[in-house]
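>>> what's the 3D shape of this:
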Amino acid sequence: MNLQTTMSDDECDYMSDDFLAKLTQTEDKRPGLKRTHTSQREHEKWKKREQILEEQRMNKRIKKSMKEIEQDKRETGLQTSIDSSNKGFALLAKMGYKPGTSLGKDNTGRTEPVPITVKAGRGGLGRDEAVRRFKERKQKILEERAKKLVADFDPNAFRAQMREKHMSKRLESDLWKAQKSCRQLDLGKEYSEPMEFWFWPKEKEKKLLDDDYSELVDEEEEEEEEIAYSVEEQLTMVLDYLRTEHLYCIFCAISFESMDDMGQSCPGPTRESHDDD
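Reported below is the predicted structural model:
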């Protein structure tokens, strides 16, 4: 026996229409689709509310602090000229004042209002005044010192001082050259020691430090004999020794054959005699 159920064409049409009607009455819950007026209105309200909240957040971010607002108002006020609406300006105008002119009977007063000094920082007014007075005092000391230097300046004394300084350096240079030449010539004659210790240039010894450091340093003689003569006196004696012992003149930079040859060819024992020649 065949158990397959057979439906008529009318029954199939009825079921198809009923099924489609139910589907049409069911609200579409898929996201992003607005199939009813109610859901569309709710979406518009939500969108507008989010926009208002976003604007409030942005305004809060760019909102200026009270300090910045006060500073902007102060700058605006300082840049705005006083006009006739100001009572003080009106009183001055009645007394003959005109904008741009100075105050006073002879028009010698100030032309601009007294500037405003805005206090910055958290220090007291007393400290600001102390700092200002301290700076003024330092400036005054420097100005007084400069005035004294100008008043006490003596061109002749200054030139004499500079000449003395130049001569001192030149004497030290000549002495070092003479000592160097003396050592070289003495060693050439196999003299193991100078006639006086200061006839040769002072040498610096090198000493090795502890094993922890192992580096070389210059060390001056611990017990250096004091020289009882000035630089000029030392130079004179070393030059004389070079001329008599080695027949040598550091200014001519040559050794002569004899004293007669030196007397005829060398202008003299000093630098001045060579400069004048």
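>>> Quick one: the strands in this structure, in order.
205-208, 216-219, 248-249, 254-255 (DSSP state E).
>>> by contact count, what packs against the third one?
Okay, so that is strand 248-249. Here strand 248-249 touches helix 231-245, going by 3 or more C-beta pairs under 8 Å, 6 or more residues apart in numbering; DSSP states H and E. Yep, even glycine has a C-beta here, placed from its N, CA and C like the rest.
>>> Tell me the buried residues in the helix it packs on?
Judged by neighbour count using 16 or more other C-beta atoms under 10 Å, the buried positions of helix 231-245 are Gln234, Leu235, Thr236, Val238, Leu239, Tyr241, Leu242, Arg243.
>>> roughly how far apart are the fifth one and Trp198?
In other words, Leu239. 13 Å (C-beta to C-beta, to the nearest Å).
>>> do the same with the third one
With the distance defined as C-beta to C-beta, Thr236 ends up 13 Å from Trp198.
>>> Nearest residue to the middle of this structure?
Centroid-nearest residue in the chain: Lys135, 20.8 Å away (criterion: C-alpha atoms, centre = their mean).
>>> Any idea how many residues pack against Gly100?
By other C-beta atoms under 10 Å, 6 other residues sit near Gly100.
>>> between the buried residues of helix 231-245, which is nearest Leu103?
Leu235 (75.8 Å; C-beta to C-beta).
>>> what sits against the closest one?
Contacts for Leu235 were tallied using C-beta atoms under 8 Å, 6 or more residues apart in numbering; they are Leu171, Asp174, Leu175, Ala178.
>>> 6 Å - rerun?
Leu171, Asp174, Leu175 (C-beta atoms under 6 Å, 6 or more residues apart in numbering).
>>> Which residue ranges of the stretch 151-277 of the chain form helices?
Using DSSP state H, counting those that start in this stretch, the helices found in the stretch 151-277 of the chain span residues 155-188, 231-245, 259-265, 271-276.
>>> Format the CA atom coordinates belonging to the second one as PDB.
Spelled out, it's helix 231-245. C-alpha atoms of helix 231-245 as PDB (Å, rounded to 0.1, in the frame of the first residue of the first chain):
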ATOM      1  CA  VAL A 231     116.900  86.300  35.800                       C
ATOM      2  CA  GLU A 232     118.900  89.200  34.400                       C
ATOM      3  CA  GLU A 233     121.900  88.500  36.600                       C
ATOM      4  CA  GLN A 234     121.900  84.800  35.700                       C
ATOM      5  CA  LEU A 235     121.700  85.600  32.000                       C
ATOM      6  CA  THR A 236     124.700  88.000  32.300                       C
ATOM      7  CA  MET A 237     126.900  85.400  34.000                       C
ATOM      8  CA  VAL A 238     125.900  82.600  31.600                       C
ATOM      9  CA  LEU A 239     126.600  84.800  28.600                       C
ATOM     10  CA  ASP A 240     130.000  85.800  30.000                       C
ATOM     11  CA  TYR A 241     130.800  82.100  30.600                       C
ATOM     12  CA  LEU A 242     129.900  81.200  27.100                       C
ATOM     13  CA  ARG A 243     132.100  83.900  25.600                       C
ATOM     14  CA  THR A 244     135.100  83.300  27.700                       C
ATOM     15  CA  GLU A 245     135.000  79.500  27.900                       C
END
